[in-house]
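S.K.: Structure for this input, please:
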Amino acid sequence: MAKTYGTEPTALKPTKLSKKVLADIGRLIRAFAEVEDIVSIYLAQLAGLTESKSTIILGRMQLRSRIEMAGVLATQTGKQITEIHKAAFSEAFWDALFCRNTVTHGVLMGKSQDGQLAFLTNDYDKKAGGTITMRIAVSYTPEQIASYARSIEEAIPNLETHLRAVSWREKRLEQGLRPHRNAQPRRDKTSQ
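M.R.: Okay, here's the model as predicted:
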């Protein structure tokens, strides 16, 4: 969805997010959690690392930084991987990620007369090379938020396939959960 910039002042009225909008925001957040997992696997493969080693190296690195790092590694791998990378992370993908960041971290300012939800958030000034952070108001209709959630949910299987993360993710799902190492020891039932 193309970004537009307001040319006129807009009055906002206080509002609360509906259960539907909250559910769509939750869907968007969950979808990007899956994308982050896929990107982490993709990055580990490009770097020739095990998943555990890449987890240590990447730590809590932002998704955008992981994708940018993977892009650099993709260019070192070859033209085919570079094209796959560019196709996977289109402008529409970045718009959806910006929406996710806005509705997750932004402050709800209110609702405009035309039904848009305004959020106060941070962005980088692209004219300054992305080095200056500024506060901006970003507005989305509830339908736009739902559309972004749906588009990322639908993109997950393709991302898994194109970024070759299917087998790694399937292997992880086959594992059962073990007791945590800090859990209290289990008591023998016969001694009770």
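S.K.: Give the rounded mean pLDDT of stretch 75-84.
M.R.: Average pLDDT, stretch 75-84: 87.
S.K.: Can you measure across that stretch, start residue to end residue?
M.R.: Start and end residues of stretch 75-84 are separated by 11 Å (Cα to Cα, to the nearest Å).
S.K.: and Ser112, what does it touch?
M.R.: The neighbours of Ser112, taking Cβ atoms under 8 Å, 6 or more residues apart in numbering as the test, are 10-12, 118, 139. Any C-beta I mention is one placed from the backbone N, CA and C, and that applies to glycine too.
S.K.: Buried ones only from these, please, as a ChimeraX command.
M.R.: Burial among the contacts of Ser112 is assessed by 16 or more other Cβ atoms under 10 Å; the matching ChimeraX selection reads:
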select :12,118,139
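S.K.: Now tabulate the contacts of Ser112 in a markdown table and tack on secondary structure.
M.R.: Formatted as a markdown table, the contacts of Ser112 follow (DSSP: H, G, I helix; E, B strand; the rest coil):
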| residue | secondary structure |
| --- | --- |
| Thr10 | coil |
| Ala11 | coil |
| Leu12 | strand |
| Ala118 | strand |
| Ser139 | strand |
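S.K.: Among the contacts of Ser112, which pair sits farthest apart?
M.R.: Greatest spatial distance in the contacts of Ser112: Ala11 and Ser139, 12.6 Å, computed using Cβ to Cβ.
S.K.: what about the residue lying closest to Thr10 once chain neighbours are set aside, distance to Glu91?
M.R.: Nearest non-adjacent residue to Thr10, counting by Cβ to Cβ, 6 or more residues apart in numbering: Ser112, 5.0 Å away. For Ser112, the distance to Glu91 equals 25 Å [Cβ to Cβ, to the nearest Å].
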